[in-house]
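Engineer: coords please:
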Amino acid sequence: MEFFPGFRSERVAVSGVDIHAVVGPRREGPALLLLHGYPQTHVIWHRMAPRLAARFNVVATDLRGYGDSGKPATTPDHAPYSKRAMAADQVEAMRKLGFGRFHVVGHDRGGRVGHRLAMDHGDSVASLTVLDIAPTLAMYEGTTDAFARAYWHWFFLILPAHVPEHMIGADARHYLRAKMAESLGRGIFSEAAWAEYERCFTPGAIHASCEDYRAAATIDLEHDRADREAGRKLRCPLLALWGAHGVVERCFDTLGQWRRVADNVQGRALPAGHYLPEEVPDLVCEALENFISRGFPA
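Structural biologist: Sure, this is the predicted structure:
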């Protein structure tokens, strides 16, 4: 495979949707699930997966609604794109691939799916690593002028269907480039990876990703508040890494917020912006390998 040499491509049928995955060579050792963010696909891991595959059984998937995974119809409450539904996809897919317990790494939206996965399916998750996010509830409750201006898409994409879909669809490539202009200007993305992100930014993916954000602003917050009110916290070890030059660093106490929802938290900022897997892949790999090597069996 162009981005993942030695990996195979799988289309895994789970409840209500097919999940596209790339799966590394089977070996002795723990399994590692990699989850991407918006508006990208599993390809964000192409600079990390080959290195990680030397030690782990690596699986990188496209979340439902993204890439080459299925894009199921939505409902008025946005439940099909809740992080609960998206997390359930990943647990079922991993079981079908032969991994009942695994480590999870999630960037951006994938980190939010990872958060819900570890909360709802704690017996399956050996550890969770989240990249450049604070918990969703904390970010909404802590919204400031600076955050809203920097993360304007959070508030644009949740407008009623099909307002943002129509506006983005008028020139999807222009929107994509405008959304990621700063990182594009710094040459963060390889030409091949960028071409893949453009290929996958279809009308179906645009609508599904809007539903992902609509769910985040509604039903996901209900689930997060229910956890908080019940005193439920993540039991697995959690590593938080974020960009020292990014919005999360400027606007949130990242470790403090994760310690509100998890018992065992560590982490630090890395010299990067938002797209850690493509900006500083070696630093992320090193931190992840050190974290997992401390003894979280999978």
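Engineer: Could you count how many residues lie near residue 180?
Structural biologist: Using other CB atoms under 10 Å, the number of residues around residue 180 comes to 18. All C-beta spots, glycine's among them, are computed from the backbone N, C-alpha and C.
Engineer: correction: residue 188
Structural biologist: Residue 188: 17 neighbours (other CB under 10 Å).
Engineer: how about low-confidence regions in the stretch 1-150 of the chain?
Structural biologist: Low-confidence segments of the stretch 1-150 of the chain, defined by pLDDT under 70: 1.
Engineer: Enumerate the helices of it by residue range, in sequence order.
Structural biologist: For the stretch 1-150 of the chain, the helices defined by DSSP state H, counting those that start in this stretch cover 49-52, 83-96, 109-120, 136-141, 145-150.
Engineer: possible to save those helices as CSV with mean neighbour count and distance to residue 18?
Structural biologist: Listed next are the helices of the stretch 1-150 of the chain as CSV, based on neighbours: other CB atoms under 10 Å; distance: least, CB to CB, whole Å:
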stretch, mean neighbour count, distance to residue 18
helix 49-52, 21, 21
helix 83-96, 22, 9
helix 109-120, 26, 17
helix 136-141, 18, 26
helix 145-150, 12, 35
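Engineer: Please convert those helices to TSV, extending it with distance to residue 33.
Structural biologist: Putting these into TSV (distance: least, CB to CB, whole Å) gives the following:
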stretch	distance to residue 33
helix 49-52	11
helix 83-96	6
helix 109-120	8
helix 136-141	19
helix 145-150	29
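Engineer: With respect to residue 205, which of these lies nearest?
Structural biologist: Nearest to residue 205, of all these, is helix 109-120, at 12.3 Å by CB to CB.
Engineer: residues in contact with residue 118?
Structural biologist: Residues counted as contacts of residue 118 (CB atoms under 8 Å, 6 or more residues apart in numbering) are 104, 125, 128, 234, 235, 236, 238.
Engineer: Please pick the buried ones from the residues you listed.
Structural biologist: 104, 125, 128, 234, 236, 238 (16 or more other CB atoms under 10 Å).
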